[in-house]
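S.K.: Here you go, sequence then predicted model.
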Number of protein chains: 2
Amino acid sequence: MKIVIIGAVAGGASAAARARRLDEDAEIILIERGPEPSFANCGLPYYVGGEIQARDKLLVAPTSLLRQRHRLDVRTRHEVVAIDRDNASVTIKDLQTGEVSTETYDKLIISTGASPFRPPLRGIDHPDVLELRDLDDADQMHARVATDGSSSAVIVGAGFIGIEVAENLARRGIEVTVVELAEQILPPWDAEMVRPLEQHLRDQGVRLKLQNSAESFRDSKTEEGRLVVTLQTGEEIHSSFAVVCIGVRPESGLAAEAGIDCGPRGGIVTNEHMQTSDPNIYAVGDVAQVKDFVTGDPTQIPLAGPANRQGRIAADHIFGRDSTYRGTQGTAVVGVFGKTAAMTGLSEKMLQRSGRSYQKIYIHPNDHAGYYPGATQMTLKLLFDPENGRIWGAQAVGTHGVDKRIDVIAMAIQAGLTVDDLEEVELCYAPQYGSAKDPINMAGFVAAGALRGDHAVVHWSDLEQSTADMSILLDVRTEQEFARGHLPDAINIPLEVLRSQISELPRDRKLVCYCQVGQRGYMATRILQQRGFDAVNLSGGYRLVSQSG
Amino acid sequence: MKIVIIGAVAGGASAAARARRLDEDAEIILIERGPEPSFANCGLPYYVGGEIQARDKLLVAPTSLLRQRHRLDVRTRHEVVAIDRDNASVTIKDLQTGEVSTETYDKLIISTGASPFRPPLRGIDHPDVLELRDLDDADQMHARVATDGSSSAVIVGAGFIGIEVAENLARRGIEVTVVELAEQILPPWDAEMVRPLEQHLRDQGVRLKLQNSAESFRDSKTEEGRLVVTLQTGEEIHSSFAVVCIGVRPESGLAAEAGIDCGPRGGIVTNEHMQTSDPNIYAVGDVAQVKDFVTGDPTQIPLAGPANRQGRIAADHIFGRDSTYRGTQGTAVVGVFGKTAAMTGLSEKMLQRSGRSYQKIYIHPNDHAGYYPGATQMTLKLLFDPENGRIWGAQAVGTHGVDKRIDVIAMAIQAGLTVDDLEEVELCYAPQYGSAKDPINMAGFVAAGALRGDHAVVHWSDLEQSTADMSILLDVRTEQEFARGHLPDAINIPLEVLRSQISELPRDRKLVCYCQVGQRGYMATRILQQRGFDAVNLSGGYRLVSQSG
Ligand SMILES: Cc1cc2nc3c(=O)[nH]c(=O)nc-3n(C[C@H](O)[C@H](O)[C@H](O)COP(=O)(O)OP(=O)(O)OC[C@H]3O[C@@H](n4cnc5c(N)ncnc54)[C@H](O)[C@@H]3O)c2cc1C
Ligand SMILES: Cc1cc2nc3c(=O)[nH]c(=O)nc-3n(C[C@H](O)[C@H](O)[C@H](O)COP(=O)(O)OP(=O)(O)OC[C@H]3O[C@@H](n4cnc5c(N)ncnc54)[C@H](O)[C@@H]3O)c2cc1C
Ligand SMILES: CC(C)(COP(=O)(O)OP(=O)(O)OC[C@H]1O[C@@H](n2cnc3c(N)ncnc32)[C@H](O)[C@@H]1OP(=O)(O)O)[C@@H](O)C(=O)NCCC(=O)NCCS
Ligand SMILES: CC(C)(COP(=O)(O)OP(=O)(O)OC[C@H]1O[C@@H](n2cnc3c(N)ncnc32)[C@H](O)[C@@H]1OP(=O)(O)O)[C@@H](O)C(=O)NCCC(=O)NCCS
C-alpha cells in the first residue's frame, strides 16, 4: 500500500501516524509546503503574544520524530501542484530547488487545510497587512512585536483567531483595534452571549469597531504608524500593521482542478469515511466538507479536533476498517484575558437560519458553590427542540468552569440526549468544583420546566410585543437591587413579600416577572400562576438584559 | 396536602422548596433537630480550615429565607421521635423545652441523613474524640483549631471526609496523623490511583498510618497532647484531639421502628419514586437505599447531589408527577492540597466484588496542550465491559482538568455509551483548555484499540505471571529515561531504533513493551506484532508502575 498525503499538520500527520500503526509495510509519503510538519497552529497566537516563549514548543512532532518513530517519508518545502487521477499520481514541486517530480499513489489523502481569506481590497497586498496561519506568518508577526517596536495594530475580523490575536498583541503592549463587519465579536456565538466579552476586551484597552469594515490599506506618511487602514465609515486608523482574520477558505483548488466534487463553499465533498467523489482519494480537516452532527446538513467548521479524528478515520478506512465520521458538532472555545467563551452544537442564529423550531433558556450559575471562596458567575444558554427536548446546542461565557460545562453538554449532544437527561446526570461535587445542583442540572431543571409548561418563559427580545399587550414588568428583587437599576416602568414587589401584596396586582394584565438571574422570577411566576394570574418569567433576568446591552 | 419532612438539609430542604413551587396551598412542615436548616455540610471542613471564613456563609438557606420565600413551616431544634403510620402522624420533641407534640401528615418525607459511625472502642466517648457532621461539630472543631491552641490531631479514617479534614487541619498548622484500616486512602478509589495522593499528603507533612486502626482513646498524662490514641500495632499517638471519619450509617432508626423496610446496610428501601414500603412515606438522601445506576443493585452512597435530586423527585411524585430516580452513579470528587481525585461509576474493586467482567486502560494525558505553559499530567483509568465496550466507570487523579474529564465520562455513563463513543466526541479545544485529541478521546482510542485487539494490553499486577512465562521486559524509552530508572531486568531499545534492532529480539519469548506512559509502548507493540513477535503493551507504562508503589 502506498499512501500519499498532501499537508502534514493536523489532519495529514494524524492520518500518517495512524496509517503507520495500522501497517508497518505501507509506504507513506507526507508532502508539506511549509518549513515544518505537524506544528501547533493553535499555539501561534500565544507564541506571538509571548505566552509560549520557545518557538520549538510549537513543533509538536518534528520531521525527525515522524521519520524515526513513524517511519514516514516527510518532505517539507514540497508542494503538490497537480493531482492526476487517471494515473493515480501527484506532481510535486520542490520549493527550494524548483525541481518537479511525480509520485504515484494507491490512496491519496488531501489535508491541505484552509487559507485565510484575503478579500480583494485596495492595498491588501501591502507588506504590513499580515495574516496568521503558519509558522512563517507567526515568525513575521513575532519579529514585529518582539523586536521591531511595533506599537499598534488593526485586526480585521473578530472571529476566534482575530480575538486571540488581539489579546496576544495587547499583551505585548500593542494598541489594538479590532474591526468587525458583524455587530458582534465571535460571529458563531449568539450576540447577547458575547456582549460581556466585548466589554471585557474594551476594559483591557482593545478598541472594537463593530458593524464596520476595512476598505483599504495604504502607506502612512505620518509618525503614528506605517500603515493607514481606512474603514467603511471613512475613519482612518494609523497603525504599525494590520492582521486579516476574516475567516478561511478550503484549499481545495488542487482537488477541484482534478475534477473532485467540491461543495458550494469550496469544501471537498466527503462521505462518512472521508472519501471524496474519487474513492481512492480522501479529504480530511479544514479542506473537507462534512456533515453537521446535529442537523446532518453539509458544513465546514475549521477545528483541530475534527481534523485529527478525520485523519485517523481516513487511515482506518484505507486499511479496511469501518470507521465512520459522525459529523462535526462545532464545539469551540476561546479565551479572552482570563474569560472563556465556549459553545457546542447549534446557535440560535443557526437554528433561525435553518428554520428549525427551538426553545431556549438562560441561567447564570456559579462555577462552584457560592459559599466557597472564589466562585464566579457564568452565563449559560441552552437551546433545545420544543417537541422532544433534544438538545440543539449550548453556549457559555464566564471565568471558570465554562469549558467543563460545554464539554458535558457536548457529550450529551453526542448521545442524542434531552434536557430531562441533564436534570438527572450526576456530576462531580465538592465545593471547589461545582454545586450539588450543578449548572448542568440547573440548566436541565429550567429547560425541562419550561418545556413542561411549569412556567411560561419570555425573552427580552420578545418583550416589546408583550409591552404592547399592556403587560406589567414586575421586579421581584429586593428594594436595594431595584434601586441600583431596573427595567423601564417596572414595579418592585420583592419575592419575600409577594404573597402578602398579591391583592394589589391586576388580574387583567399579563405580569412579566423578573429578578436578577431568573430564579426568583421563576418562583414568583409559580406563585402568581397558581393564584390565577397570567404570569411569565423573564429568562435570564435583569442580568441578561443589562449585559446584552 | 400536608407534607411533613424530617430533616431540613440537602434532601429535606430541596423536597420542601420543590413542593412549594408545585403547590402554593400545601402545608409543608420541615422538622430539623439541629440549630439551622439547609446548611452546607460539604463546606464544614473548609470552615474548620479557615478557607471559608465567615460561618454564616455555611447557611445556604436560613430559616427566614425558607419561611419568607418558600412559606415553609420550619422548626429547628425539633426532633421527630416516632412515626405512627396507623394514624399518619409523627411525634415531635422540642429540644429546647422538652415539649412533645404530634403532627399528622398526608405525605411524610424522611431525609434524616446518615450519622458518622462510632465503633464501640474503648474511650470513643472521650470529649476529645470528635466527628464532623453538622454545625455544632464544626463549631467545636473550629474553636479548637482557631482559638484553643490545639497542635496535633489524629484522623481515624481516610475516606473523603477524613482527607478533607486532614487537609484543613494541616492548613491550620496542626500536625495531622491519618489512621486507615485499608492499605490505601480513599477506599472507594482503586489503590493504584490514589498512591500519588498519599505521597502528596506525606509531602505536605500529613502522616499516614495505613493498614492500621485506632483501638482505644484515653487521657494523656504528658505535655504532648491531651489525648492518647492507641493503634492496633500498639503505637501510641499523643494529640490534642481525634476525629472519627470512618463512614456513615443511615439514620433509619425511626423508620425501622415504624416497620418500614430497611436494607441490610440500614438504608430505607425505596422505589424509583423514592417511596418506601409505605407509599405515603418517602425517603431521600443518605438515609435511603437506592439503585446503583450502573449495576441496578441496591446501594447507599452518601452524596449531596443525589440527595438534592431525590428530594426534588419525591416532591414531584407527591404532586402526581412521574419523576423517577435513575440511580446513583457514584460520581465523587475530592481536593487534596491542590490535587484532585475524581471518579464516576464502578471501580475495579467493585467490579471484582460483583464478579463482573471488565477490561481497563490507563493513560497519563496532559490537562491541556503540552506546548502551552502550565500543562500538568493526570492519570486516568477507564473501566469497561469487554463484551460491548460499555463504560463501567472511570477514575482520574491530577492537578487540573480532572473533574472536567470525569464529568464528561459521567455524562457518557448516564447515556449508556461505549468506549467507541469516547473516540468520537468533540470537546472544547484551545491550547489552554485541552488537546485536539482530548484525554477523553485518547481514553477512547486506547480502550477501543485494546477492545478491538489492536494491541494486547498487560497490567503490572498481572506481570508476575508473565515473567514466569519467561517474557522479556522491553523498555522502549530513551537511554536517558532508562538510566533514570526502569523495571527490574528490563532491556532498553528506544522506539526510534526498534526497527533497526528488531533482529536482535528473540521470537520465542513474549515481549512486554513499556514506555513512560504507554503510548510508545503501544507503538512498539504494533511494530513487533506486525513483524510476528508475541508482543504486549504495559498499560500505563513505567509511570503507573512507579507511582503505584
Ligand atoms: C492561528 C490559528 C489558531 C487556531 N486555534 C484553534 C483552536 O484553538 N482550536 C481549534 O480547534 N482549532 C484552531 N485552529 C484551527 C486548526 O488549526 C485547524 O482546524 C486544523 O489545523 C486543520 O487541520 P488541517 O490538517 O485540515 O489543516 P492544517 O493544519 O492547516 O494543515 C494543512 C497543511 O497543508 C499544507 N498544504 C496546503 N496545500 C499544500 C500543497 N498543495 N502541497 C503541500 N502542502 C500543502 C499547508 O502548508 C498546511 O501546513 C486554529 C488555526 C489557526 C491558524
Ligand atoms: C463534612 C462533610 C463533607 C461532605 N462533603 C461532601 C462533598 O464534598 N460532596 C458531596 O456530594 N457530599 C458531601 N457530603 C455528604 C452530603 O453532605 C450528604 O450526602 C447530604 O447532605 C445528604 O443529605 P441528606 O438530606 O440525606 O442528609 P443531611 O444533609 O445530613 O440532613 C439530614 C438532617 O436531618 C436531621 N435529622 C436527623 N434525624 C432527625 C430527626 N429524627 N428529627 C429531626 N431532624 C433530624 C439532621 O439533624 C440533619 O441536619 C459531606 C458530608 C459531610 C458531613
Ligand atoms: C503529532 C501528531 C503527528 C500525532 O499523531 P498521532 O500519533 O495519531 O496522535 P497522538 O500522538 O495523539 O497519539 C495517539 C495514539 O497514541 C495512542 N495512545 C495515546 N496514549 C496512549 C497510552 N497511554 N497507551 C497506549 N496508547 C496510547 C492512541 O491510542 C493513539 O493511537 P491510535 O490512533 O492508533 O488509537 C499529530 O497529532 C499532529 O500533527 N499534531 C500537531 C498538529 C495539530 O494537531 N495541529 C492542530 C492543533 S494545535
Ligand atoms: C437551598 C435549598 C433549600 C434550595 O432548594 P431549591 O430551591 O430546590 O434549589 P435551588 O436554590 O438550587 O433552586 C433550584 C430551582 O430554581 C430554578 N432555577 C434556578 N435557576 C433558575 C433560573 N435562572 N431561571 C429560572 N429558574 C431557575 C430551578 O429550575 C429549580 O426549580 P425546580 O426544581 O422547580 O425546577 C436546598 O438546596 C438546600 O437546602 N441546600 C443546602 C444543603 C445542601 O444541599 N447540602 C449539601 C451540599 S453542601
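M.R.: Arrived safely. Numbers count the residues shown, from 1 in each chain, chains lettered A, B, ... in the order given. Ligands and ions are numbered 1, 2, ... in the order given.

S.K.: Next, count neighbours for A:Gln211.
M.R.: A count of neighbours around A:Gln211, defined by other Cβ atoms under 10 Å in any protein chain shown, yields 12. For the C-beta atoms, the positions are set from N, CA and C on the backbone; glycine is no exception.

S.K.: With adjacent residues omitted, what lies nearest to it?
M.R.: A:Glu183 (4.7 Å; Cβ to Cβ, 6 or more residues apart in numbering or on different chains).

S.K.: For that neighbour, give me phi and psi.
M.R.: For A:Glu183, the backbone dihedrals (degrees, to the nearest 10) come out as phi -90, psi 20.

S.K.: what's the pLDDT at it?
M.R.: Looking at A:Glu183, its pLDDT stands at 97.

S.K.: got the contact list for it?
M.R.: With contacts defined as Cβ atoms under 8 Å, 6 or more residues apart in numbering or on different chains, A:Glu183 is in contact with A:Ala191, A:Leu210, A:Gln211.

S.K.: so what's the residue of the stretch 151-300 of chain A found nearest ligand 1 up against?
M.R.: Going by Cβ to the nearest ligand atom, ligand 1 is nearest to A:Gly285 of the stretch 151-300 of chain A, at 2.1 Å. With contacts taken as Cβ under 8 Å, 6+ apart, A:Gly285 has the following neighbours: A:Gly7, A:Ala10, A:Gly11, A:Gly12, A:Ser111, A:Thr112, A:Gly113, A:Pro302, A:Pro306, A:Ala307, A:Gln310, A:Gly311.

S.K.: Tell me which helix or strand the last one sits in.
M.R.: Using DSSP states H and E, A:Gly311 maps to helix A:304-318.

S.K.: Any part of that helix near ligand 3?
M.R.: Yes. Interface with ligand 3: helix A:304-318 contributes A:Ala304, A:Asn308, A:Arg312 (Cβ under 6 Å from any ligand atom).

S.K.: State the number of residues packed around A:Asp420.
M.R.: Other residues within reach of A:Asp420, judged by other Cβ under 10 Å, total 16.

S.K.: element containing it?
M.R.: helix A:419-424.

S.K.: which residues touch the closest residue to ligand 1 within the stretch 351-500 of chain A?
M.R.: For the stretch 351-500 of chain A, the residue positioned closest to ligand 1 under Cβ to the nearest ligand atom is A:Asp403, at a distance of 11.5 Å. Contact criterion Cβ under 8 Å, 6+ apart gives A:Val333, A:Thr340, A:Ala342, B:Lys404, B:Cys428, B:Tyr433, B:Gly434 as the residues in contact with A:Asp403.

S.K.: Out of those residues, which sit inside strands?
M.R.: Per DSSP state E, strands hold the following members of those: A:Val333, A:Thr340, A:Ala342.

S.K.: I'd like these laid out as a markdown table, including pLDDT, distance to B:Gly234 and neighbour count.
M.R.: Formatted as a markdown table, the entries for the ones in strands among the contacts of A:Asp403 read as follows, by pLDDT from 0 to 100; distance: Cβ to Cβ, whole Å; neighbours: other Cβ atoms under 10 Å in any protein chain shown:
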| residue | pLDDT | distance to B:Gly234 | neighbour count |
| --- | --- | --- | --- |
| A:Val333 | 98 | 56 | 22 |
| A:Thr340 | 98 | 54 | 24 |
| A:Ala342 | 98 | 56 | 29 |
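
S.K.: Give me the nearest residue to the residue sitting nearest the centre point of chain A, chain neighbours excluded.
M.R.: The residue at the geometric middle of chain A, judged as the C-alpha nearest the mean C-alpha position with Cα atoms, centre = their mean, is A:Ala332 (3.9 Å). Excluding its sequence neighbours, the residue lying closest to A:Ala332 (Cβ to Cβ, 6+ apart) is A:Met343, at 5.7 Å.

S.K.: what's the neighbour count on the one you found?
M.R.: Look at A:Met343: counted by other Cβ under 10 Å, it has 28 neighbours.

S.K.: And for A:Ala146?
M.R.: 14.

S.K.: Spit out the contact partners of it.
M.R.: If you count contacts by Cβ under 8 Å, 6+ apart, A:Ala146 has them with A:Gly50, A:Arg172.

S.K.: and the stretch 251-400 of chain A, which residues reach ligand 4?
M.R.: Counting by Cβ under 6 Å from any ligand atom, the residues of the stretch 251-400 of chain A near ligand 4 are A:Ile363.

S.K.: show me where the stretch 251-400 of chain A has strands.
M.R.: If DSSP state E, counting those that start in this stretch is used as the criterion, the strands of the stretch 251-400 of chain A fall at A:268-269, A:281-283, A:288-291, A:298-299, A:332-336, A:339-345, A:359-363, A:379-384, A:391-398.

S.K.: Just give me the closest of the contacts of A:Gly285 to ligand 2.
M.R.: After measuring the contacts of A:Gly285 against ligand 2 - Cβ to the nearest ligand atom - the closest member comes out as A:Pro306, at 35.2 Å.

S.K.: show me what contacts the residue nearest to A:Gly389 when sequence neighbours are not counted?
M.R.: The spatially closest residue to A:Gly389, leaving aside those adjacent along the chain, is A:Thr418, at 3.7 Å (Cβ to Cβ, 6+ apart). Going by Cβ under 8 Å, 6+ apart, A:Thr418 touches A:Phe384, A:Asn388, A:Gly389, A:Arg390, A:Ile391.

S.K.: for the helix holding A:Gly311, packing partners?
M.R.: Helices and strands touching helix A:304-318, by 3 or more Cβ pairs under 8 Å, 6 or more residues apart in numbering or on different chains; DSSP states H and E, are helix A:10-22, strand A:107-110, strand A:281-283, strand A:288-291, helix B:439-451.

S.K.: Quick one: closest of these to A:His70.
M.R.: Of all the helices and strands packed on helix A:304-318, the one in closest proximity to A:His70, counting by Cβ to Cβ, is helix A:10-22 (4.4 Å).

S.K.: quick one, that closest one and helix B:439-451 angle?
M.R.: Angle, helix A:10-22 to helix B:439-451, by axes from the mean of the first three to the mean of the last three Cα atoms, to 10 degrees: 20 degrees.

S.K.: re earlier: adding distance to A:Glu24, write the contacts of A:Asp403 out as JSON lines.
M.R.: What follows is the contacts of A:Asp403, written out as JSON lines (distance: Cβ to Cβ, whole Å):
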{"residue": "A:Val333", "distance to A:Glu24": "37"}
{"residue": "A:Thr340", "distance to A:Glu24": "43"}
{"residue": "A:Ala342", "distance to A:Glu24": "40"}
{"residue": "B:Lys404", "distance to A:Glu24": "36"}
{"residue": "B:Cys428", "distance to A:Glu24": "35"}
{"residue": "B:Tyr433", "distance to A:Glu24": "35"}
{"residue": "B:Gly434", "distance to A:Glu24": "31"}
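
S.K.: circling back: in a markdown table: the strands of the stretch 251-400 of chain A, plus distance to ligand 2.
M.R.: Listed next are those as a markdown table, based on distance: least, Cβ to the nearest ligand atom, whole Å:
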| stretch | distance to ligand 2 |
| --- | --- |
| strand A:268-269 | 49 |
| strand A:281-283 | 47 |
| strand A:288-291 | 39 |
| strand A:298-299 | 40 |
| strand A:332-336 | 27 |
| strand A:339-345 | 24 |
| strand A:359-363 | 21 |
| strand A:379-384 | 21 |
| strand A:391-398 | 22 |
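
S.K.: quick one, which of the ones you listed is packed in tightest?
M.R.: Each of these was given a mean neighbour count from mean count of other Cβ atoms under 10 Å in any protein chain shown, and the largest, a mean of 29, is that of strand A:281-283.

S.K.: now for that strand, which elements pack on it?
M.R.: Taking 3+ Cβ pairs under 8 Å, 6+ apart as the contact definition, the neighbouring helices and strands of strand A:281-283 are strand A:107-110, helix A:304-318.

S.K.: Return the residues of the stretch 201-350 of chain A in contact with chain B.
M.R.: Contacts of the stretch 201-350 of chain A with chain B, taken as Cβ under 8 Å from any Cβ of the partner chain, map to A:293, A:303-309, A:312, A:325-326, A:328-335, A:340, A:342, A:344.
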